[in-house]
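# Let me see the structure of the following:
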Amino acid sequence: MNSTVIGCVIGLGTAVGLLLVLVGLQLARPATGRSAGRELPWRADRRWGFRVALAAGIGLLAAAATGWLVGGVLAFAAVWFLPALVGPDRVHARRVARIEAVASWTEMLRDTLSAAAGLEQAILATAPLAPAAIRRDVAGLAARLRSGHRLAPALRLLADEIGDPIADLVIASLVLAAEHQARQLGELLGSLAETARAQAAMRMRVETGRARTRTSVRVIVGTTIAFAVGVVVLNRDYLTAYDSPLGQAVLLCIGALFGSGFAWLARIVAGRTEPRALSIHQHPEPEPVTAAAWGGERA
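Sure thing, here's the model as predicted:
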C-alpha cells in the first residue's frame, strides 16, 4: 500500500509539474499585443492555488482508493477542467461586461468632449471613472499618456489589451481624431455607444439560445462521470483488468478519448470567437535590404 501511495504522489507531482511547465511556456512568449498585460495565473486568479490544491487532493484520494496511478491523474484533470465546461459561462459574461463598459466609457468621453475639453484631457478625466470591466486598461492608457507617450500609439495598445471588435471601432475613431483632428467626434462616439449596447444585447440573446445546448452538455458530462464513479464504487471487481500495467495504459487511452470528446463539447458550447473588426495595430515596416547586410558597403 505504501508503494502505491508513493507512486500516486509521484504521478500527481508529475502531472502538476507538466501543468506548470505549460503555464511557464505560455508566459514566456514575447509580450506583444494583449499578452503584454497578462499576469501570472496565481496572481490574476485568486482561486488558482485553491483549485490546484483541490485537484491534487482529489487526485490523491482517487489514486489511493483505486490503486490506479492513471486514475489519480484522470481525477486531477477532471477536477481541473470540468468546472469550466459544466459551470456558468464566465467568459461570455466578461465579454458582455466589457462591451457595456466600452459603451459607458464612450458616452463619458462624448460628454466630456462636449465641455470643450481636448481628447487627451477627456481620457485623463474619465480614467478614474471608467467602468470596472475596463478600468484597469483605461488607467494604463492614462498612465502612458502621463509618462509622455503619444496619444495614437497609446490608443492602439489599448485596443490590443481590450481585444474586442466593438472596442476597435471606438478606438479607431479616437485614433483618427488624434491624428487627423476629426470633426463631430462627439456625435460619432454617441452612435458607437449605441452600437456597443446593441451588440451586448445581441450577445445576450445568443447566449439565451445556447442555454439548451449547455444544459445538454451538462447532462452528458454528469451522466458519464456518475457512471464511471458508480462502477468504481459499486462493482470494483469488474475493473480488475485495469490493475495491470497494460490495463493502466488502456485506461489512459480511454481517459484521453473521453477528454477529447469533452473538449469538442466545450468548443460547441463556447461558440466561435468573433474576428476583430479593424486591425489598427501598426506593424513596423521591414527595413530595406542594403549591401551592408551582405557584407558590402552601402551605396
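
# Distance of residue 115 relative to residue 199?
Residue 115 is 27 Å from residue 199, where distance means CB to CB, to the nearest Å. No exception for glycine: its C-beta is placed from N, CA and C like everyone else's.

# Same drill for the two, tell me which one is more crowded.
Set residue 115 next to residue 199 and count neighbours by other CB atoms under 10 Å: residue 199 wins out with 21 against 9.

# before we move on, which element is the more buried one in?
Element membership for residue 199 (DSSP states H and E) is helix 185-234.

# tally of neighbours for residue 136?
Using other CB under 10 Å, residue 136 has 12 neighbouring residues.

# Sorry, slip of the keys, the one I care about is residue 267.
Residue 267: 10 neighbours (other CB under 10 Å).

# which element is it on?
Here residue 267 is assigned to helix 245-270, by DSSP H and E.

# Next, the angle helix 185-234 makes with that helix.
Here the directions of helix 245-270 and helix 185-234 differ by 150 degrees (axes from the mean of the first three to the mean of the last three CA atoms, to 10 degrees).

# that older thread, for the helix holding residue 199, give the mean pLDDT please.
Averaging pLDDT along helix 185-234 gives 82.

# same question, stretch 54-66
In the prediction, stretch 54-66 has an average pLDDT of 83.

# next structured bit after the helix or strand where residue 109 lies?
Residue 109 is part of helix 90-113 when elements are defined by DSSP H and E. Sequence-wise, the next helix or strand downstream of helix 90-113 (DSSP H and E) is helix 119-126.

# Next, report how far that following helix is displaced from the centre of its chain.
Its chain's C-alpha centre and that of helix 119-126 lie 29 Å apart, by CA atoms, centre = their mean, to the nearest Å.

# can you list contacts of it?
Helix 119-126 is touched from outside by 105, 108-109, 112-113, 117, 138, 141-142, 145-146, 151, 174, 177-178, 185, with contacts defined as CB atoms under 8 Å, 6 or more residues apart in numbering.

# which of the residues you listed sit farthest apart?
Greatest spacing in these, by CB to CB: 146 and 185 (22.0 Å).

# okay, these two: which has more neighbours?
residue 185 (20 against 11).

# Could you pull up the contacting residues of the more buried one?
Contacts of residue 185 by CB under 8 Å, 6+ apart are 113, 119, 173, 177.

# Please identify the helix or strand for residue 74.
Assigned by DSSP H and E, residue 74 falls in helix 69-86.

# Show me what that helix is packed up against.
In terms of contacts (3 or more CB pairs under 8 Å, 6 or more residues apart in numbering; DSSP states H and E), helix 69-86 is packed against helix 2-27, helix 48-66, helix 185-234, helix 245-270.

# Output those in TSV; the columns should cover distance to residue 163.
Below are those laid out as TSV (distance: least, CB to CB, whole Å):
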stretch	distance to residue 163
helix 2-27	16
helix 48-66	21
helix 185-234	15
helix 245-270	16
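
# Those helices: which one's closest to residue 79?
Residue 79 lies closest to helix 48-66 among the helices and strands packed on helix 69-86, at 4.0 Å (CB to CB).

# elements contacting that closest one?
By 3+ CB pairs under 8 Å, 6+ apart, helix 48-66 packs against helix 2-27, helix 41-44, helix 69-86.

# Go again with 10 Å.
If you count contacts as 3 or more CB pairs under 10 Å, 6 or more residues apart in numbering; DSSP states H and E, helix 48-66 packs onto helix 2-27, helix 41-44, helix 69-86, helix 185-234.

# Give me the buried stretch members for it, please.
Going by neighbour count (16 or more other CB atoms under 10 Å), the buried part of helix 48-66 is 52, 55, 56, 58, 59, 60, 62, 63, 64, 66.

# For the residues you listed, work out which two are farthest apart.
Counting by CB to CB, the most remote pair of the buried residues of helix 48-66 is 52 and 66, 21.3 Å apart.
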